[in-house]
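A.B. asks: The following comprises the amino acid sequence and a computationally predicted model.
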Amino acid sequence: MELTIGSRVFRGTSGVLIVQGKQQLSLEWGMEPHQLLLTMNLYNAGGMHIARVRRNAWTFNDRDRFELSAVRGVVKLIDTTTGEVVVEARVVGRDKLEIPRGCFCTNAGHRVEITPEYCHIGGQATSVTEIVGGPSAVAMG
């Protein structure tokens, strides 16, 4: 699958995003046409694991802090306390997905910001690489 994160395009990926050595999120196709499924671990600024969504269903969500919407080809997670988009992912073509924006914390408490122009971890530009092996995950930081 082709995955675009911010402005970077990765071909031959598994849909998995590893941030600072730990799997942060995964995107996969569902059974329905254009159904996109998100699995994601969510952390606070202190690195505490505060929520987990698995294939668009909550495993846990501390104090219902996050809201998930999944509408034909678009999955969006919102932090209800701040109104910020935690992650938005969408289908953009056959076997093509993108994460055009997001703002979330890693398990180390570092803030990840994704916009169409850049991807930063802790305010610094990230080194984004593809892990060798196929299909491969995308690793950041």
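C.D. replies: Yep, that arrived.
A.B. asks: check contacts around residue 51.
C.D. replies: Residues near residue 51 by CB atoms under 8 Å, 6 or more residues apart in numbering: 41-42, 58, 60-62, 65-66. (Each C-beta comes from the backbone N, C-alpha and C, glycine too.)
A.B. asks: Residue 79: neighbouring residues, count only.
C.D. replies: 16 (other CB atoms under 10 Å).
A.B. asks: Which ones among the contacts of residue 51 map onto strands?
C.D. replies: Among the contacts of residue 51, the ones falling in strands (DSSP state E) are 41-42, 58, 60-61, 66.
A.B. asks: Would you mind giving those as a markdown table with neighbour count, pLDDT and distance to residue 50 added?
C.D. replies: Formatted as a markdown table, the ones in strands among the contacts of residue 51 follow (neighbours: other CB atoms under 10 Å; pLDDT from 0 to 100; distance: CB to CB, whole Å):
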| residue | neighbour count | pLDDT | distance to residue 50 |
| --- | --- | --- | --- |
| 41 | 20 | 96 | 9 |
| 42 | 24 | 96 | 6 |
| 58 | 12 | 97 | 12 |
| 60 | 11 | 96 | 8 |
| 61 | 16 | 96 | 8 |
| 66 | 22 | 97 | 8 |
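A.B. asks: re earlier: need the contacts of residue 51 in JSON lines with distance to residue 93, can you?
C.D. replies: Formatted as JSON lines, the contacts of residue 51 follow (distance: CB to CB, whole Å):
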{"residue": "41", "distance to residue 93": "27"}
{"residue": "42", "distance to residue 93": "28"}
{"residue": "58", "distance to residue 93": "29"}
{"residue": "60", "distance to residue 93": "33"}
{"residue": "61", "distance to residue 93": "31"}
{"residue": "62", "distance to residue 93": "35"}
{"residue": "65", "distance to residue 93": "33"}
{"residue": "66", "distance to residue 93": "28"}
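A.B. asks: which of those sit farthest apart?
C.D. replies: Within the contacts of residue 51, 41 and 65 form the most distant pair, 13.6 Å apart (CB to CB).
A.B. asks: which residue is nearest the middle of the chain?
C.D. replies: Centroid-nearest residue in the chain, with CA atoms, centre = their mean: residue 25, separated by 4.7 Å.
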